[in-house]
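**Q** Below are the sequence and a predicted model for it; my questions follow.
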Amino acid sequence: MLISIDHGNKQVKTIHHAPFTSGLVCSEVQPFGGETLTYQGRYYTLTDQRIPYRRDKTEDERFFVLTLFAIAYELEAASFYGAGPVRVQLAVGLPPAHYGAQQKRFAEYFLNRGTVSFALHDRQYEILIDEVSCYPQSYAAAITVFQTLQNSPRALIIDIGGFTADYLLLRNGEGDLSVCDSLENGVILLYNRIKSRVAAEQDLLLDEAEIDAILLGRDSGQPDAVSQIVRQQAQEFVSDLLSSLRERMLELKSGKVIFTGGGAVLLRQQIEASDKVREPVFIEDIAANVKGYQLLYQAERIGRHNGY
């Protein structure tokens, strides 16, 4: 079974399940409540407290356990409960700038584990990960709107994630890997700036969910002064990010500029208010990368079948 997973620094995303925070608590005894997965005699519970940023997600087992959650959710969604180990083909991704150096190690992180047994929602699972395909983020998201980009002489994809903002230039729908990088300008940096400013000026401890609510125009229950700080910091953050891209000789006022990722959805109002991008285009689906991984895997499989 093919399962696509986007291992974000802020959230883990799959095609059929709602995104969940990239955070875990491990316990030797069964905890009360929460989404708890049992693996190798330990109990893992999802938490809203995300794992601190790791450039290399293979340093420990936490992202593998998050992968088991994601696999279980996808198997549940498909009502896929076969006898014996379920053979899983994983489609995953990395930021473009990390792809060359890390893609082999990231794929091997999931392989050669034999049959993996775990339990979630009182159901036992046995899986065998027998294939892993890794793709560049941003490009994967662009694949979901390929028909609108394949004839564009130049299109810049900007993927604003949790810790990084990745960019990739497409020429007639093909990725130009000589014009790609990952800037450490993701929304986690913005969250930290906002929390510090609000704590200093308003003596309040704001959490990330409340910041999201303000930026998305939802009821946050916060005073107007706090909301004003949040929006001002967000506008400055967007301005700094776009200036950083311009300093890298990336043209934002001509050609297509496509914003994707959860950070782009969160900051859409500030991006549209900026005078540094002429006509921003947004991929609203925050699962665009994970859907792109699936499309790329399927295209590769067809190519292999046809002998290409």
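**A** On my side now, so go ahead.
**Q** for the longest strand seen in the chain, packing partners?
**A** Identified as the longest strand of the chain according to DSSP state E is strand 123-136. Under the contact definition 3 or more CB pairs under 8 Å, 6 or more residues apart in numbering; DSSP states H and E, strand 123-136 sits against helix 62-77, strand 86-94, helix 96-110, strand 115-120, strand 174-183, helix 288-305. All C-beta atoms are positioned from the backbone trio N, CA, C, and that covers glycine.
**Q** so which of these gets nearest Q235?
**A** Among the helices and strands packed on strand 123-136, strand 174-183 comes nearest to Q235, with 17.9 Å by CB to CB.
**Q** Note down every partner strand of the closest one and its orientation.
**A** Sheet pairing of strand 174-183 (DSSP bridges) gives strand 165-171 (antiparallel).
**Q** how far off strand 123-136 does the partner strand point, in degrees?
**A** In terms of direction (axes from the mean of the first three to the mean of the last three CA atoms, to 10 degrees), strand 165-171 departs from strand 123-136 by 60 degrees.
**Q** quick one: average pLDDT of strand 165-171?
**A** Averaging pLDDT along strand 165-171 yields 90.
**Q** Flag every buried residue along it.
**A** Using 16 or more other CB atoms under 10 Å as the test for burial, strand 165-171 gives 165-170.
**Q** Can you tell me how far Q49 is from E208?
**A** 10 Å (CB to CB, to the nearest Å).
**Q** When these two are compared, which one has more neighbours?
**A** Neighbours per residue (other CB atoms under 10 Å) separate Q49 from E208, with E208 holding more: 19 against 13.
**Q** contacting residues for the more buried one?
**A** Taking CB atoms under 8 Å, 6 or more residues apart in numbering, we find E208 in contact with Y191.
**Q** ok, R278 - how many residues close by?
**A** Using other CB under 10 Å, R278 has 12 neighbouring residues.
**Q** Find the residue closest to it in space, skipping its chain neighbours.
**A** Nearest non-adjacent residue to R278, counting by CB to CB, 6 or more residues apart in numbering: K253, 4.3 Å away.
**Q** Distance check, that neighbour against D181.
**A** Shown here: K253 relative to D181, a distance of 20 Å by CB to CB.
**Q** Repeat that for L205.
**A** In terms of CB to CB, L205 sits 34 Å off from D181.
**Q** Specify which residue of those two has the higher count of neighbours.
**A** Each of L205 and D181 has its neighbours counted (other CB under 10 Å); D181 has more, 16 against 9.
**Q** Could you check how far stretch 68-88 is from the centre of its chain?
**A** Mean-position distance between stretch 68-88 and its chain equals 21 Å (CA atoms, centre = their mean, to the nearest Å).
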